[in-house]
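Peer 1: Here is my input; please provide its structure:
(one chain, ligands or ions: 1)
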Amino acid sequence: MAFETLFQSADWKAEKHVPVIEGPDKMKKGEVVTFRVTVGKEIPHPNTTEHHIRWIALYFAPEGGKYPYELGKVEFAAHGESVEGANQGPAYTQPQTTFSVKLDRSGILYATSYCNIHGLWQGEKSVTVEA
Ligand code: FE
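Peer 2: Predicted structure coming up:
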């Protein structure tokens, strides 16, 4: 089985695992623009010691380019763990983050995320960069 077939995707309004990228459709070359990536935007994903989102990463694939560029990766490390036991802890990191980026050409942003029991998921968003 090819590795890429392990990435699942779906309509984010009906599937809680899909990382949703929010931000402008158009930006100016060299302008710093912030994109928000959220897992569970419409239907919250569980955030428990046993079941949670571990990380979100964002990539950029420029139009006509061969290689993707990793823009960043955020790990969500607190899911209710504690010495009292699972889900008794005082802290939970929510699976959402922002990335502020500059782009000098148009392309596609790809967000990937990992659920500790439901695996790899992806979402994407096209961005037009104007000179
Ligand atoms: Fe899950």
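Peer 1: Do I have it right that residue 129 meets residue 108?
Peer 2: No: using Cβ atoms under 8 Å, residue 129 is not in contact with residue 108; the gap is 11.6 Å. Just so you know, the C-beta spots here come from the backbone N, C-alpha and C atoms, and that holds for glycine as well.
Peer 1: Run through who's touching the helix or strand where residue 20 lies.
Peer 2: Residue 20 belongs to strand 19-22 when assigned by DSSP states H and E. Residues from elsewhere that reach strand 19-22 (Cβ atoms under 8 Å, 6 or more residues apart in numbering): 12, 35-39, 41, 56, 58, 109, 111-113, 121-125.
Peer 1: and those residues, which are buried?
Peer 2: 12, 35, 37-39, 41, 56, 58, 109, 111-113, 121-123, 125 (16 or more other Cβ atoms under 10 Å).
Peer 1: Mind checking which of those residues are in strands?
Peer 2: Among these, the ones falling in strands (DSSP state E) are 35, 37-39, 56, 58, 109, 111-113, 121-123, 125.
Peer 1: Reformat the residues you listed as CSV; add distance to the ion and pLDDT.
Peer 2: CSV is the format used below for these (distance: Cβ to the ion, whole Å; pLDDT from 0 to 100):
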residue, distance to the ion, pLDDT
35, 23, 98
37, 16, 98
38, 14, 98
39, 9, 98
56, 13, 98
58, 20, 98
109, 22, 98
111, 16, 98
112, 14, 98
113, 10, 98
121, 9, 98
122, 14, 98
123, 15, 98
125, 22, 98
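Peer 1: Relative to the strand holding residue 20, what are the paired strands and their orientations?
Peer 2: strand 33-39 (antiparallel) (DSSP bridges).
Peer 1: Using PDB, write out every CA atom in the strand it pairs with.
Peer 2: In PDB, the C-alpha atoms belonging to strand 33-39 read as follows (Å, rounded to 0.1, in the frame of the first residue of the first chain):
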ATOM      1  CA  VAL A  33      -0.600  36.500   5.900                       C
ATOM      2  CA  THR A  34      -2.000  34.300   8.700                       C
ATOM      3  CA  PHE A  35      -3.800  31.100   8.100                       C
ATOM      4  CA  ARG A  36      -5.700  29.200  10.800                       C
ATOM      5  CA  VAL A  37      -5.800  25.400  10.800                       C
ATOM      6  CA  THR A  38      -8.400  23.700  12.900                       C
ATOM      7  CA  VAL A  39      -9.300  20.000  13.400                       C
END
